[in-house]
Structure formats: C-alpha cells, structure tokens
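[1] Need coordinates for the below:
(one chain, ligands or ions: 1)
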Amino acid sequence: MTARLIDGKAAALSLREQVRVAAGTFAQAAGRRPGLATVLVGEDPASAVYVRSKIKATGEAGLESFHHKLDDATSEEDLLSLVADLNADERVDGILVQLPLPTQIDAAKVIDAISPDKDVDGFHALNAGRLATGLDALVPCTPLGCLKLLRAELGDLSGKNAVVIGRSNIVGKPMAMLLIGESATVTVAHSRTADLPGVVRQADIVVAAVGRPEMVKADWIKPGATVIDVGINRVLTDDGKGRLVGDVAFSEVSQVAGAITPVPGGVGPMTIACLLRNTLVAAHRRAGLTVPQEL
Ligand SMILES: Nc1nc(=O)c2c([nH]1)NC[C@@H]1CN(c3ccc(C(=O)N[C@@H](CCC(=O)O)C(=O)O)cc3)C=[N+]21
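    Numbering: from 1, shown residues only. Okay, here's the model as predicted:
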C-alpha cells in the first residue's frame with residue numbers, strides 16, 4: 001500500500017489566497033490593512049530564515065508588516081518595552097516574537113506581556129485557556145494547520161482515534177484540544193509513555209510532534225491511518241550538505257499509512273498560512289467585524 005501524499009504546500013497556497021481576498025475586504029471596511037509585527041532577537045540563522053519567509057508571505061497576502069530586529073544582547077526590559085509599544089499600536093493586529101529567545105530573556109514573561117487579542121501565535125495563557133474551554137481563541141498556528149489538513153483529508157473527525165505524540169504547549173497540548181473539539185478520541189503520548197508503538201498502533205490519526213528525527217516507524221502504524229508529521233529536523237548527510245527530515249520515517253511509513261504529510265512541504269507551509277489567517281482573524285475581532293467563515 002502506498003499512502004496518499006498530503007500536499008501542505010498547495011493547501012497553504014490556497015489558504016493564503018483566501019487570506020489575501022479577505023484582507024482586501026477588511027481594508028475596504030476598516031480603512032487600513034491588517035498588520036503583523038514580527039520581532040526577531042539575535043542572529044540564529046534558522047530563525048532568520050523563518051522570519052524572512054513569514055514577512056514575504058505577509059506582504060503577498062496584502063497584510064502590512066512591521067519587522068523589528070533586535071540585537072542578541074537585548075535586555076528583557078527592552079523587549080518588554082517593545083511589546084508594550086506594539087500592544088498600543090493601533091496598526092498592529094498581530095505580534096509574533098520569534099522563539100527561541102536568548103537566555104537572558106524569560107520567554108514566558110514575554111508571551112504573558114503580549115496583548116491576548118494580538119497573540120497570533122496563540123501562546124498566551126488566556127488563549128490556551130479559551131481554546132481548552134471551547135471559547136473563541138487565537139489558536140497556535142502549527143496545530144491549527146494540522147487540523148485543517150486533517151479536515152481536508154478526512155472530513156468529519158468525530159469518533160476517530162487520534163494519538164498526538166508530544167505534549168508541548170506549542171503543538172501537542174493545543175493539538176489535543178483541537179481534536180477533542182472535533183469529537184475525536186484523543187490520546188497524548190510522550191517520552192514516558194509505556195509501549196509507545198502499541199499506543200500509536202491504535203490510531204486512525206497520528207500527529208507526531210516530538211522533535212526526534214524519523215522516530216515513528218512503519219510497524220507503529222495501523223494500515224490506512226492518516227499521519228501528520230510536525231517534525232522539522234536537520235540531519236547530516238554523507239555529502240555533508242544535510243537535509244530536512246520529520247519525526248516520521250517517511251519512506252517506510254508511507255508504505256503502510258493511508259495518507260501522510262511530507263517534510264518539507266507538509267505542516268511547515270501551513271504554519272505560515274495560519275499565522276496570516278490568525279492575523280486576519282485578530283484584525284476582524286479588534287475592528288468589531290465578523291470573521292469570514294471560510295477562514
Ligand atoms: N513565535 C514563534 N512562532 C512560530 O510559529 C515559530 C517560532 N516562534 N519559532 C520557530 C518555529 C518554526 N516555525 C516554522 C514555520 C514554517 C516552517 C516551514 O515553512 N518549513 C518549510 C521548509 C523549511 C526549510 O526549508 O527550512 C517546510 O516544512 O516545507 C518551518 C518552521 C515556526 N516557528
């Protein structure tokens with residue numbers, strides 16, 4: 001059996017196009033374009049690449065982008081003061097502070113300082129709590145992107161057995177909340193889970209978000225299951241160039257699964273599209289406008 005390839009890049013392009021159209025309608029109604037502020041502290045090359053592609057996508061979707069690049073030695077106080085300025089800036093609907101932050105800065109404090117209505121990462125405790133209680137929330141981009149791929153692939157998720165591998169605040173926990181919201185039966189597995197392969201083998205839906213290259217093997221997968229690979233791991237190759245692999249051993253798992261996301265070209269592009277989507281949602285809520293249904 002060969003799995004269907006879930007094309008995250010195509011799904012992301014189509015979501016970005018919907019955002020672009022809705023951003024135009026918003027600009028007509030509100031007299032301004034939705035605005036996203038990105039903050040990058042330091043010189044981490046991977047972070048710089050991500051932020052650059054976010055800024056590019058922001059412009060292409062007709063959103064206004066405000067980028068702040070801060071020195072590696074920036075104090076926590078200075079970053080908090082920038083966040084306060086962005087909270088107060090009416091042109092800014094979304095604030096993204098790229099993680100990880102340098103060690104002198106407490107990321108939890110920074111996340112807590114972002115106004116929850118501009119928290120387009122969905123990392124603030126208020127948004128996590130709103131998601132967990134089924135209220136309107138800004139939802140973390142990566143799990144939201146995974147959910148959109150799952151819905152497009154499977155339709156109704158109710159009654160499906162879903163196993164989320166990983167319990168992070170950024171992916172695993174919000175992913176579980178979203179799947180519960182879809183009436184799936186959800187298990188959150190992690191590094192201490194007993195018989196992880198046996199647990200995963202029960203799943204109709206597997207979401208792998210552990211950060212271990214190619215950890216999920218073919219004999220963990222129930223034939224026909226849908227596999228969403230959140231991992232983005234850079235591994236060295238013989239030619240010294242390195243390549244990206246997910247948390248799923250793609251070539252063997254795709255022999256067993258019913259559908260699977262590739263890395264790259266799966267979840268990653270959806271994360272960026274959902275960031276734009278969240279910015280648009282935040283803009284509508286802040287302006288007192290109804291959020292377009294299709295987003
Ligand atoms: N506050 C904050 N919010 C984030 O959402 C956030 C963050 N910090 N820090 C870093 C991670 C990572 N992240 C990615 C987004 C898109 C791709 C992506 O588009 N990847 C492409 C290609 C990647 C490549 O070629 O390097 C793909 O998977 O096809 C990857 C990773 C967002 N993050």
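
[2] The ligand contacts on the stretch 151-295 of the chain?
    Counting by C-beta under 6 Å from any ligand atom, the stretch 151-295 of the chain comes close to the ligand at 232, 244, 263-265, 268-269, 271-272. The way it works is simple: take the backbone N, C-alpha and C, and place the C-beta from them, glycine included.

[3] out of those, which are inside strands?
    Judged by DSSP state E, the subset of these located in strands is Leu244.

[4] PyMOL command to pick out the buried ones of the residues of the stretch 151-295 of the chain next to the ligand?
    Selection of buried members from these for PyMOL, criterion 16 or more other C-beta atoms under 10 Å:
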select buried, resi 232+263+265+268+269+271+272
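
[5] a markdown table for the residues of the stretch 151-295 of the chain next to the ligand, including pLDDT?
    Listed next are those as a markdown table, based on pLDDT from 0 to 100:
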| residue | pLDDT |
| --- | --- |
| Ile232 | 95 |
| Leu244 | 95 |
| Val263 | 98 |
| Pro264 | 97 |
| Gly265 | 98 |
| Gly268 | 97 |
| Pro269 | 97 |
| Thr271 | 98 |
| Ile272 | 97 |
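
[6] Helices - which of the residues of the stretch 151-295 of the chain next to the ligand land there?
    If you go by DSSP state H, these have 268-269, 271-272 in helices.

[7] Make CSV out of the residues you listed and add distance to Ala84.
    As requested, these are exported to CSV (distance: C-beta to C-beta, whole Å):
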residue, distance to Ala84
Gly268, 31
Pro269, 32
Thr271, 27
Ile272, 26
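
[8] so which of these would you say is closest to the ligand?
    Checking these against the ligand by C-beta to the nearest ligand atom gives Gly268 as the nearest, at 2.2 Å.

[9] Check the protein and tell me which residue is nearest its centre.
    Nearest residue to the geometric centre of the chain (C-alpha atoms, centre = their mean): Thr142, 1.5 Å.

[10] quick one, what contacts it?
    Thr142 is in contact with 170-171, 209, 230, 267, 270-271, 274, counting by C-beta atoms under 8 Å, 6 or more residues apart in numbering.

[11] try Gly181
    Taking C-beta under 8 Å, 6+ apart as the criterion, Gly181 is in contact with Gly134.

[12] Tell me how far it lies from Ala37.
    Distance, Gly181 to Ala37, by C-beta to C-beta, to the nearest Å: 29 Å.

[13] any idea whether Lys56 is helix, strand or coil?
    helix (DSSP: H, G, I helix; E, B strand; the rest coil).

[14] which ones are touching it?
    Neighbours of Lys56 in contact, by C-beta under 8 Å, 6+ apart: none.

[15] Then Gly211?
    166, 231, 233, 247 are the contacts of Gly211 under C-beta under 8 Å, 6+ apart.

[16] ok, of these, which one's closest to Ile221?
    Set against Ile221, the nearest of these by C-beta to C-beta is Asp247 (12.8 Å).

[17] is it true that His68 lies in a strand?
    Yes: with three-state DSSP as the criterion, His68 is assigned to a strand.

[18] helix/strand/coil for the residue lying closest to it once chain neighbours are set aside?
    Excluding the flanking residues, the one nearest His68 by C-beta to C-beta, 6 or more residues apart in numbering is Val39, at 4.7 Å. Of the three states, Val39 takes strand according to three-state DSSP.

[19] What count of nearby residues applies to Val39?
    Using other C-beta atoms under 10 Å, Val39 has 22 neighbouring residues.

[20] Pairing partners for it in the sheet, please.
    Beta-bridge partners recorded for Val39 (DSSP bridges): His68, Val97.

[21] doesn't Ile95 make contact with it?
    Yes: in this structure, Val39 is within contact of Ile95 by C-beta atoms under 8 Å, at 7.2 Å.

[22] okay, and the common contacts of these two?
    By C-beta under 8 Å, 6+ apart, Val39 and Ile95 have these common neighbours: 83, 86.

[23] Show me what stretch 27-37 is in contact with.
    Contacts of stretch 27-37 with the rest of the structure, by C-beta under 8 Å, 6+ apart, involve 23, 26, 54, 58, 62-68, 86, 89, 91-96, 120, 275-276, 279-280, 282-283, 287, 289.

[24] Which of the residues you listed are buried? Put it as a ChimeraX command.
    Restricted to buried positions by 16+ other C-beta under 10 Å, the ChimeraX selection for the contacts of stretch 27-37 reads:
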select :23,26,54,58,62,63,64,65,66,68,86,92,93,94,95,96,120,275,276,279,280,282,283
